[in-house]
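[1] after the sequence you'll find the predicted model.
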Amino acid sequence: MSDDASEASDSERPSKQERSAEPRPPVSTSPSFARSFPDDPELRELVEAFERGQFALVRERAPKLAESTSNPGVAEAARELRRRLDPDPLAVKLLLAAVALLIFLSAWAYHTAH
């Protein structure tokens, strides 16, 4: 490529100052699943507590909010937020299967060794 071609492509690019002056879309700090939640101050507080890792607070307040609110969207969002803290059902089943297998193999090894 010639220098003329690279100069032309450089002149078409916006300068660093122009790029920094362009408005950027606001970055949402809320989790992706919570972006569709209704706008409610108590629910927003619970989502922020979830983001900060204050899961005990979310476990305590989410069911209360779901029962006390008259907005069904807020109630469902509070239940969903609480449900996100529950262990994965598949992981629980796999853990129970592993424990059962350990007990079975331990009992089998004990009884066949004697």
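    Right, received. Where do you want to start?
[2] gap between the closest residue to residue 50 other than its chain neighbours and residue 84?
    Distances taken as Cβ to Cβ, 6 or more residues apart in numbering put residue 58 closest to residue 50, at 5.2 Å, once the chain neighbours are dropped. Glycine gets a C-beta too; all of them are placed from N, C-alpha and C. Using Cβ to Cβ, to the nearest Å, residue 58 is found at 8 Å from residue 84.
[3] more neighbours, those two?
    Neighbours were counted for residue 58 and for residue 84 using other Cβ atoms under 10 Å; residue 58 has more, 24 against 14.
[4] list the contacts for that one?
    Residues near residue 58 by Cβ atoms under 8 Å, 6 or more residues apart in numbering: 46, 49-50, 81-82, 85.
[5] got a quick ChimeraX command for the buried subset of these?
    Buried subset of those, written as a ChimeraX selection, criterion 16 or more other Cβ atoms under 10 Å:
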select :46,49,50,81,82
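[6] run the chain-centre distance for the host helix or strand of the residue nearest to residue 50.
    Taking DSSP states H and E as the definition, residue 58 sits inside helix 55-68. Distance, stretch centre to chain centre, for helix 55-68: 17 Å (Cα atoms, centre = their mean, to the nearest Å).
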